[in-house]
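>>> Below: sequence and its predicted model.
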Amino acid sequence: MYRIGQEEIDAVARVINSGQLFRIGSAYSEVDNFEKELAEKLFVKYTLFVTGGTTALIAALIGLGVGPGDEVIVPAYTFMASALAVTAVGAVPVIAEVDETLMIDPEDVEKKISPHTKAIIPVHMLGYPCDMDRIMSIADKYNLLVLEDACQAVGGSYKG
């Protein structure tokens with residue numbers, strides 16, 4: 001369960017009181033501070049906040065070079081942004097079944113691969129991770145890109 005305390009209330013108040021509600025044109029950005037703190041927490045070099053998960057997926061797909069004519073495998077159980085982001089870059093979402101964990105089924109992923117498949121988007125749902133060992137093994141075997149959607153599992157971990 002999420003807990004909101006005085007620290008979170010103070011952070012929101014700082015943003016409102018600063019009058020700097022947007023990143024662009026801001027001399028001081030609470031977002032910059034939050035990105036740095038999140039990068040430290042996640043043990044990554046960079047974080048970049050955008051307007052939402054859909055925007056993040058679209059930006060990542062563009063960054064990976066996914067576009068018209070490409071197919072991207074997404075799970076049947078997910079938020080609609082997983083497939084919408086794929087269509088937003090002109091690619092075609094291919095729906096893979098989920099397994100008993102409600103995560104994308106690696107066996108069905110492999111069945112859905114075609115000559116046009118460029119990427120897989122496993123979605124870590126409800127704070128739980130997908131079977132990334134199996135997914136990465138399939139991606140390596142077929143030379144596919146993998147874009148993990150962790151919008152519903154921020155701060156979660158896989159095998160520790």
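Thanks, I have the structure now.
>>> For Y28, give me the pLDDT.
In the predicted model, Y28 carries a pLDDT score of 61.
>>> shouldn't G155 be in contact with L42?
Yes - counting by C-beta atoms under 8 Å, G155 does reach L42; the two are 7.3 Å apart. From N, CA and C alone the C-beta is placed, and that goes for glycine too.
>>> Which one of the two is surrounded by more residues?
The neighbour comparison of G155 against L42 (other C-beta atoms under 10 Å) goes to L42, with 13 against 9.
>>> Y77: neighbour count?
By other C-beta under 10 Å, the residues close to Y77 number 18.
>>> Repeat that for K141.
Neighbour number of K141 under other C-beta under 10 Å is 10.
>>> Can I get whichever helix or strand it is part of in CSV, CA atoms only?
K141 belongs to helix 132-142 when elements are defined using DSSP states H and E. The C-alpha trace of helix 132-142 is given here as CSV (Å, rounded to 0.1, in the frame of the first residue of the first chain):
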residue,chain,number,x,y,z
MET,A,132,12.9,-12.1,-18.0
ASP,A,133,15.4,-15.0,-18.3
ARG,A,134,13.1,-16.8,-20.8
ILE,A,135,12.1,-13.6,-22.6
MET,A,136,15.8,-12.5,-23.0
SER,A,137,16.7,-16.0,-24.2
ILE,A,138,14.0,-15.8,-26.9
ALA,A,139,15.1,-12.3,-27.8
ASP,A,140,18.7,-13.3,-28.1
LYS,A,141,17.8,-16.4,-30.2
TYR,A,142,15.8,-14.2,-32.7
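>>> contact partners of it?
104, 106, 109-110, 113, 117, 120, 122, 144-146, 148, 158 (C-beta atoms under 8 Å, 6 or more residues apart in numbering).
>>> The residue nearest to A11 when sequence neighbours are not counted and F43, how far apart?
Once flanking residues are discounted, A11 sits nearest to E30: 6.7 Å by C-beta to C-beta, 6 or more residues apart in numbering. To F43, E30 is 22 Å away according to C-beta to C-beta, to the nearest Å.
>>> At which residues are the helices of the chain located?
6-18, 30-42, 53-63, 81-88, 106-112, 132-142 (DSSP state H).
>>> Flag every buried residue along the third one.
Of all the residues in helix 53-63, those buried under the rule 16 or more other C-beta atoms under 10 Å are G53, T54, A56, L57, I58, A60, L61.
>>> Give me the distance between the closest residue to C151 other than its chain neighbours and K112.
Residue nearest to C151 in three dimensions, not counting chain neighbours: G53, with 3.8 Å by C-beta to C-beta, 6+ apart. Distance of G53 to K112, computed by C-beta to C-beta: 23 Å.
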